[in-house]
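> Build the 3D model from these lines:
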Amino acid sequence: MSVDPQSLLRSLFDTAIAAAHPRQVLEPYLPADRSGRVIVIGAGKAAAAMAEVVEKHWQGEVSGLVVTRYGHGASCQKIEVVEAAHPVPDAAGLEVAGRVLKMVSDLSEDDRVIFLLSGGGSALLALPAAGLTLADKQQVNKALLKSGATIGEMNCVRKHLSAIKGGRLAKACWPATVYTYAISDVPGDLATVIASGPTVADPSTRADALAVLKRYAIDAPQAVLDWLNDPASETLKADDPMLSRSHFQLIAKPQQSLEAAAVKARQAGFSALILGDLEGESREVAKVHAGIARQIVKHSQPLKPPCVILSGGETTVTVRGNGRGGRNAEFLLSLTDSLKGLPGVYALAGDTDGIDGSEDNAGALMTPDSYARASALGLSASAELDDNNGYGYFQALDGLIVTEPTRTNVNDFRAILILEQTYP
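Numbers count the residues shown, from 1 in each chain. A predicted model of the protein is given here:
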């Protein structure tokens, strides 16, 4: 089969990103009646690109304010775009969150609000609850990011420390009609988890948030603990009447991107196996993928080569070392260490938003000779993994994938390409 494995893997990644881009997915979901005034607010890595789509297709008066990550902005003419920090909130995110809340206050039943939501919105729309400071939230958020907590657990805590999340934004908009359009970046695509659910009911409780802090031994400020022990910290529940005019629509999810990549792979002559959205420690998830790859190479099970294994979701990294690298680089480094140059196996792991963790790369690419080339440079895959240095490892191999911000986000994308080989 005459195919360049690295080019094919990159094309699968690009296909997955394109399948979830706002310009491809948002317009069909906008209200049929696009006349009259609409207030547009939004938060997330795709928020600015989504705002562009609304501006292009809305026929009436448009105004509004969206916040996105630094470098993820877009050229909107009527909707203001503000950039702020992610994953740890900063003063810019605090200020814009207050402005958003003020913008939707004192609305009437005749008003319509479009809320554009995507991954990253939780950190970008950061307005602490009464009695808490931005520093309090930053301290808890940093500790959670290093703890190995899942995105659902982190967002449970974030909701209960926020003046906006957990349905509170919908409460602020009441009695206006709110249309939330969301791009999912979480396993399971739960509306309550995407960016901590600002306009939907929250099934988690303040007791759950306290349990997460205890489970991961988070040293939270006393003000945070006092707030979570106060009934006022509880989020909105499903029976709250102030959610009755709030409508939620999922417009893109990771499965769509995985399916688009699978179609692309099959068109190139490869069978495709979609493992779905996965959670867990990056290095452990990689070991499972390595086991599947070995089974395919040695026994043609569950697929015969040539084939592609695809998966998404959001893994976690418990930081133990001092190296550089996000969860995708960590996954790929663990995969490299597990396979140790297994012939015919190539792999790509990247974040569809274009940023792996807080680095400047989207992810990285592994080839069958990565392990040997790194060893020749004096790099031990296991030692670099101990130091959480996936970025440094693949940088030395010229294996980093740099896309710049993609302005969408359906979380991680992993593809393992297995060519036909004669295995001894």
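
> number of nearby residues for S75?
Here the count is done by other Cβ atoms under 10 Å, and S75 has 8 residues near it. Bear in mind the C-beta positions are built from the backbone N, C-alpha and C, glycine included.

> Wait, a helix at it?
No - S75: not assigned to a helix; according to DSSP: H, G, I helix; E, B strand; the rest coil it is coil.

> Find the residue closest to it in space, skipping its chain neighbours.
E52 (7.4 Å; Cβ to Cβ, 6 or more residues apart in numbering).

> Compute the number of surrounding residues for the closest residue to Q77 other than its chain neighbours.
Excluding its sequence neighbours, the residue lying closest to Q77 (Cβ to Cβ, 6+ apart) is E55, at 6.3 Å. When neighbours are counted by other Cβ under 10 Å, E55 registers 17.

> Check the one 5 residues further on too.
Other residues within reach of G60 by the criterion other Cβ under 10 Å amount to 11.

> how far away is it from S35?
Applying Cβ to Cβ, to the nearest Å, the value for G60 to S35 is 4 Å.

> so G42 makes contact with H72?
No - in this structure, G42 is not within contact of H72 by Cβ atoms under 8 Å, at 11.6 Å.

> ok, back up a step: residues touching the residue nearest to S75, list them.
Applying Cβ atoms under 8 Å, 6 or more residues apart in numbering to E52 gives the contacts 22-23, 74-76.

> can you check K102 too?
By Cβ under 8 Å, 6+ apart, no residues touch K102.

> same question, P175
107-109, 245.

> how far does stretch 175-189 stretch from start to finish?
End-to-end span of stretch 175-189 (Cα to Cα, to the nearest Å): 27 Å.

> And the strands in the stretch 251-400 of the chain?
Taking DSSP state E, counting those that start in this stretch as the test, the strands found in the stretch 251-400 of the chain are 271-278, 307-313, 345-351, 363-366, 400-401.

> any idea which of the contacts of E52 is the one closest to L8?
Nearest to L8 among the contacts of E52 is R23, at 24.5 Å by Cβ to Cβ.

> burial of that closest one, as a residue count?
R23: 14 surrounding residues under other Cβ under 10 Å.

> So for the longest helix seen in the chain, mean pLDDT?
Ranked by number of residues, the top helix in the chain under DSSP state H is helix 282-299. For helix 282-299, mean pLDDT rounds to 97.

> now it against strand 271-278, angle please.
Per axes from the mean of the first three to the mean of the last three Cα atoms, to 10 degrees, the angle that helix 282-299 makes with strand 271-278 is 160 degrees.

> Which strands and helices lie in contact with helix 282-299?
Using 3 or more Cβ pairs under 8 Å, 6 or more residues apart in numbering; DSSP states H and E, the elements in contact with helix 282-299 are strand 271-278, strand 307-313, helix 327-339, strand 345-351, strand 412-418.

> got those as JSON lines, with distance to A46 columns?
Output for these, formatted as JSON lines (distance: least, Cβ to Cβ, whole Å):
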{"stretch": "strand 271-278", "distance to A46": "18"}
{"stretch": "strand 307-313", "distance to A46": "16"}
{"stretch": "helix 327-339", "distance to A46": "18"}
{"stretch": "strand 345-351", "distance to A46": "13"}
{"stretch": "strand 412-418", "distance to A46": "15"}
